[in-house]
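*Asks:* Structure for this input, please:
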Amino acid sequence: MELMNQVLFGIFTLILFGVYLTSASGAGNSQGASTISPFWRYSIALRALAFLSWVLTPILGQFMLPIANFSYDASVVLLALFIRSWRVSPGKNLLRLMVGYFVCTCTIYMYFYFTVDGFIPRINIIGISTLIMMLWEVSELWRFLRAKKGALLSVVFFFVFIQLIVTIGSLAYVQSSNAPKVQNILLADVRSSIVLWIVFGIHTLIYILINSYLYQNLWISERNANKKYDKASKEREEIGSLLSEREHLIASLLKSNKTAATGALAASLAHELNQPLGASLINAQSLKLLLDQNTSKPELERSIINSIESDTRRAGQIIHSLRSLFSGDAVTFDRIDLTELVSSIIQLVEPECRANKIDLAVNMPDHCFVQANSIEIHQVVLNLLNNAIHALSQPETSNQKKISVVAQDRTGEIMLTIMDNGSGVPVNKQGSLFNLLDTEKTSGMGLGLWLCKHIMDRHQGDIVYSDSEGSGAVFTLKFPPQ
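*Replies:* Okay, the predicted model is just below:
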């Protein structure tokens with residue numbers, strides 16, 4: 001019988017050694033805490049060591065019995081701690097308690113080992129210790145099973161519960177056996193040996209089932225990770241595709257922007273050069289008329305020629321200024337007198353105001369200095385005045401037509417306001433008033449206000465629109481503090 005027990009324990013040892021080799025640290029760490037994986041692997045190793053020690057007892061001597069029983073009891077404690085760790089990571093106090101529990105069990109075992117003849121008292125102390133740990137395992141598994149359902153986990157719980165019942169039955173059977181003087185379990189009779197084989201067989205099966213459950217969790221985790229990786233790879237491909245489309249779109253926009261800038265420059269030139277070139281044409285026609293009439297009026301001719309020269313020079317300055325605007329060149333600022341600049345513009349628009357019966361009121365201080373580019377600000381003010389004159393030239397405009405130009409100094413910030421009492425700007429158009437190519441005029445390109453906004457931005461200033469009281473439009477140019 002001793003040889004048969006050795007063979008069976010040897011088989012259990014080999015099985016557990018195989019479980020130990022397949023119990024990767026990742027599987028032992030399936031619950032996500034790196035501190036709990038040693039419980040599992042050490043429990044397997046110590047259970048295998050216990051069976052191996054029983055196998056070697058007839059060969060090496062009786063001193064292998066305490067090693068076998070201590071290893072077995074330690075494996076039971078570690079297995080209970082491992083199952084506990086599925087719900088809550090064991091704390092230091094619990095670990096200290098388990099160490100004390102193990103030491104007490106071993107101390108009592110050694111007392112019986114040296115004082116009592118026969119293995120039944122020793123098997124009782126190890127059996128009772130095992131029962132206590134098995135009760136704890138069943139309790140922990142039941143709580144864990146209620147929180148996390150699973151077919152394989154239910155099977156584990158079933159066999160742990162069966163193990164508890166069989167262990168109780170085996171202890172009861174050993175107490176009634178007829179071999180109280182047997183020195184170790186290897187020498188037990190056939191019936192007692194069969195009971196032990198069943199108990200230890202269930203123990204080994206439980207290790208196999210738990211290892212399978214851990215690998216099932218590991219496989220599920222890897223499968224979910226692969227799904228996430230595949231999803232992330234697909235998302236990366238989509239992002240790469242979007243980035244490629246974005247680069248293509250940006251390249252197309254840059255190309256379109258160059259085309260739009262060229263068109264805007266051409267439209268701006270046509271818009272801004274219309275007045276000085278028109279004035280030059282009128283002056284040239286007047287001079288030609290004088291020559292055709294053979295009338296010599298030197299002073300008038302000189303005045304006409306000076307006007308043509310002035311308009312031509314202004315046209316050149318406008319071209320230079322617009323080229324600077326669209327090329328992004330740094331604008332050159334000078335200290336200019338805004339009062340003087342506005343006065344020169346008023347002289348240009350006064351004839352048209354008189355022709356349209358528009359009252360032009362100017363309220364400017366004697367001097368109003370700002371840091372600006374005179375040509376660009378000249379364009380802005382002239383655009384706004386021309387817009388006001390155009391608004392008041394419409395047939396639906398009231399008889400009392402008025403344009404006001406007012407300058408104010410508010411703690412260093414110069415505010416130049418140009419207002420009229422025309423129909424104003426519709427509410428639905430006010431939000432896009434300064435957009436490129438946006439216009440309410442029946443004729444025109446929609447460049448003027450966009451250009452005014454662009455110029456004021458270059459001057460670190462601003463242009464804002466508001467409705468005047470009752471009706472009309474109010475445009476305010478804001479120059480930064482000097």
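
*Asks:* By mean pLDDT, flag the weakest helix or strand of the protein.
*Replies:* Sorting the helices and strands of the chain by mean pLDDT, DSSP states H and E puts helix 25-28 at the bottom, at a mean of 45.

*Asks:* and the next element down the chain from that one?
*Replies:* helix 37-60 (DSSP states H and E).

*Asks:* list the buried ones in the helix or strand that contains residue 409?
*Replies:* Following DSSP H and E, one finds residue 409 within strand 401-410. The neighbour-count check on strand 401-410 (16 or more other CB atoms under 10 Å) flags 401-405, 407 as buried. To be clear about C-beta, it is placed using only N, CA and C from the backbone, and glycine gets the same treatment.

*Asks:* I'd like to know which elements it is packed against.
*Replies:* Here strand 401-410 touches helix 338-355, strand 358-363, helix 374-392, strand 413-420, going by 3 or more CB pairs under 8 Å, 6 or more residues apart in numbering; DSSP states H and E.

*Asks:* can I get the CA coordinates of the third one in PDB?
*Replies:* Output in PDB follows, covering the C-alpha atoms of helix 374-392 (Å, rounded to 0.1, in the frame of the first residue of the first chain):
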ATOM      1  CA  SER A 374      -2.000 109.100 -44.600                       C
ATOM      2  CA  ILE A 375      -2.700 107.400 -48.000                       C
ATOM      3  CA  GLU A 376      -4.500 104.400 -46.400                       C
ATOM      4  CA  ILE A 377      -6.500 106.600 -43.900                       C
ATOM      5  CA  HIS A 378      -7.300 108.900 -46.800                       C
ATOM      6  CA  GLN A 379      -8.800 105.800 -48.600                       C
ATOM      7  CA  VAL A 380     -10.800 104.800 -45.500                       C
ATOM      8  CA  VAL A 381     -12.400 108.300 -44.900                       C
ATOM      9  CA  LEU A 382     -13.100 108.800 -48.600                       C
ATOM     10  CA  ASN A 383     -14.700 105.400 -48.900                       C
ATOM     11  CA  LEU A 384     -17.000 106.100 -45.900                       C
ATOM     12  CA  LEU A 385     -18.000 109.600 -47.200                       C
ATOM     13  CA  ASN A 386     -18.700 108.200 -50.700                       C
ATOM     14  CA  ASN A 387     -20.900 105.500 -49.100                       C
ATOM     15  CA  ALA A 388     -22.800 108.000 -47.100                       C
ATOM     16  CA  ILE A 389     -23.300 110.200 -50.200                       C
ATOM     17  CA  HIS A 390     -24.400 107.100 -52.200                       C
ATOM     18  CA  ALA A 391     -26.900 106.200 -49.400                       C
ATOM     19  CA  LEU A 392     -28.400 109.700 -49.400                       C
END
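
*Asks:* Tell me the gap between it and the middle of its chain.
*Replies:* 48 Å (CA atoms, centre = their mean, to the nearest Å).

*Asks:* name the helices or strands packed onto that helix?
*Replies:* Against helix 374-392 (3+ CB pairs under 8 Å, 6+ apart) you get helix 190-292, helix 298-327, strand 334-337, helix 338-355, strand 401-410, strand 413-420, helix 448-458, strand 473-479.

*Asks:* Mind doing that once more with 7 Å?
*Replies:* helix 298-327, helix 338-355, strand 401-410, strand 413-420, helix 448-458, strand 473-479 (3 or more CB pairs under 7 Å, 6 or more residues apart in numbering; DSSP states H and E).

*Asks:* could these be laid out in a markdown table, adding mean pLDDT and distance to residue 174?
*Replies:* What follows is the helices and strands packed on helix 374-392, written out as a markdown table (pLDDT from 0 to 100; distance: least, CB to CB, whole Å):
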| stretch | mean pLDDT | distance to residue 174 |
| --- | --- | --- |
| helix 298-327 | 70 | 103 |
| helix 338-355 | 85 | 114 |
| strand 401-410 | 88 | 105 |
| strand 413-420 | 90 | 103 |
| helix 448-458 | 82 | 98 |
| strand 473-479 | 91 | 103 |
